[in-house]
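> below are the sequence and a predicted model; questions follow.
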2 protein chains.
Amino acid sequence: MGRVTRKVEILHAASKIVSEKGIFNLTLEATAAEAGVSKGGLLYHFPSKEALVQGMVEHLAENYREKIASSAHESKLEKGKWITSYVDVTFNNPYKKTDMNSGLLAAKAVNEELLNPIRDLYMEWQLAIEDDGIDPVKATIIRLATDGIWLNELFDLNQLSDEKKEAIYKKLISWASE
Amino acid sequence: MGRVTRKVEILHAASKIVSEKGIFNLTLEATAAEAGVSKGGLLYHFPSKEALVQGMVEHLAENYREKIASSAHESKLEKGKWITSYVDVTFNNPYKKTDMNSGLLAAKAVNEELLNPIRDLYMEWQLAIEDDGIDPVKATIIRLATDGIWLNELFDLNQLSDEKKEAIYKKLISWASE
DNA sequence: GTCAAAAAACCGTCCAGGTAGTATAGTGAA
DNA sequence: TTCACTATACTACCTGGACGGTTTTTTGAC
């Protein structure tokens, strides 16, 4: 158990650095220091920087997939299970969106192909929400609006007030099951 | 006239490098070479890497603002002018979205604060679309859905087919004036 | 209109500092 | 013995930016 934790600690450290200090400060030494591990120790787990970023992406993709899937399976809705889960988890869950953002940015910077696990995820979800019992165009728009909030958070573009966000959330959720 | 062009050429070269080779390959030398200028020449126009990225962001912000504003002023709609323009320009215009993406990513990597011109832009637009004659929540959702497409393009997450994109576009545009 | 002087636009090299990755010798726990 | 590291040293390379020059354009006095 200790081994897995250590690896995850390193991944968290990497995310923290990216989100707090930017991608240019994601160095192996800095990551090791942040994780409380020696550089050699880090390289034992992740033999290169690319492997580290790959680890970040794979880890967050797994997490995200699980959250959405378990939310969808627990849902009692007859239609709009998946799209509702997507909106719900992405808006509200303590799921670390900063980790997501760090991972995406790091992958984009280091090697585009490392984004593939996320791409697979989105292909699955798109299929699920198009077969979710509601109008596929509408369902897709709901998904996109959720992604739009995400884009705004990623670049800190236009942080909507909590009330506005709440109003949008409610409207999206209501659309998602009618 | 030749002077301005040279600066813009350098900015375009920088964007090209970011979008084709990633942020880590945006070096002063590479940018100079791509623009057909010496390193010294580049540093004459942009005295540091940060200044270069600042130039990228300011340039694209100006362009984008102009496009949306002229589209809104030319619009004959009674309500939903701004949100319609936003959707229209962001979806369809030959406005270089790759430049936008490169600029955002570069700024995010080099120095968060360089994003401020874009933030100002979004604040203006948000005010405009909330006073656009249609339900502000709905208008904001339309904007967010447009941003969602953008996020998906940025990371190449789930490229919708042209037909689906068209269907979404039409639905958003129709919502934008009802 | 001429022409020197100044300003603007550019070139090419050098260097200090930083970084990924390698190597190696050693430690303690299971 | 193997696993999961620590600690340190070292290499090979790259990059931002400074700097000192050169060429082209503009200016303004005559």
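Cool, got the structure.
> secondary structure element for A:Glu58?
helix A:49-74 (DSSP states H and E).
> repeat that for A:Glu163.
Under DSSP H and E, the secondary-structure element containing A:Glu163 is helix A:162-175.
> any stretches of chain A with poor pLDDT?
For chain A, residues meeting the criterion pLDDT under 70 lie at A:1-4, A:94-95.
> what ranges do the helices span in it?
Assigned by DSSP state H, chain A shows helices spanning A:2-21, A:28-35, A:39-45, A:49-74, A:81-92, A:97-110, A:116-130, A:136-154, A:162-175.
> nearest to DNA strand D, out of those?
helix A:39-45 (2.1 Å; CB to the nearest atom of the strand). Yep, even glycine has a C-beta here, placed from its N, CA and C like the rest.
> that closest one near DNA strand C anywhere?
Yes. For helix A:39-45 and DNA strand C, the contact criterion (CB under 7 Å from any atom of the strand) is met by A:39-40, A:43.
> now the helices of chain A in JSON lines, with mean neighbour count?
Putting the helices of chain A into JSON lines (neighbours: other CB atoms under 10 Å in any protein chain shown) gives the following:
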{"stretch": "helix A:2-21", "mean neighbour count": "17"}
{"stretch": "helix A:28-35", "mean neighbour count": "18"}
{"stretch": "helix A:39-45", "mean neighbour count": "15"}
{"stretch": "helix A:49-74", "mean neighbour count": "18"}
{"stretch": "helix A:81-92", "mean neighbour count": "22"}
{"stretch": "helix A:97-110", "mean neighbour count": "22"}
{"stretch": "helix A:116-130", "mean neighbour count": "18"}
{"stretch": "helix A:136-154", "mean neighbour count": "22"}
{"stretch": "helix A:162-175", "mean neighbour count": "15"}
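> let's have those in TSV, adding distance to B:Asn116.
Listed next are those as TSV, based on distance: least, CB to CB, whole Å:
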stretch	distance to B:Asn116
helix A:2-21	19
helix A:28-35	26
helix A:39-45	35
helix A:49-74	28
helix A:81-92	26
helix A:97-110	19
helix A:116-130	28
helix A:136-154	15
helix A:162-175	22
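> nearest to B:Glu9, out of those?
With CB to CB as the measure, helix A:97-110 is the member of the helices of chain A nearest B:Glu9 (24.6 Å).
> relative to its centroid, which residue of chain A is most remote?
When distances to the mean C-alpha position of chain A are computed (CA atoms, centre = their mean), the maximum falls on A:Gly40, with 28.7 Å.
> pretty sure A:Asn158 is touching A:Asn152, no?
Yes. A:Asn158 is within contact range of A:Asn152, at 5.2 Å (criterion: CB atoms under 8 Å).
> which neighbours do those two share?
Jointly contacting A:Asn158 and A:Asn152 under the rule CB atoms under 8 Å, 6 or more residues apart in numbering or on different chains are B:Tyr122.
> quick one: residues contacting the residue most central in space within chain A.
Most central in chain A under CA atoms, centre = their mean is A:Met100, positioned 3.6 Å from the mean C-alpha point. The contact partners of A:Met100, taken as CB under 8 Å, 6+ apart, are A:60, A:64.
> roughly how far does it sit from chain B?
For A:Met100, the distance to chain B equals 11 Å [CB to the nearest CB, to the nearest Å].
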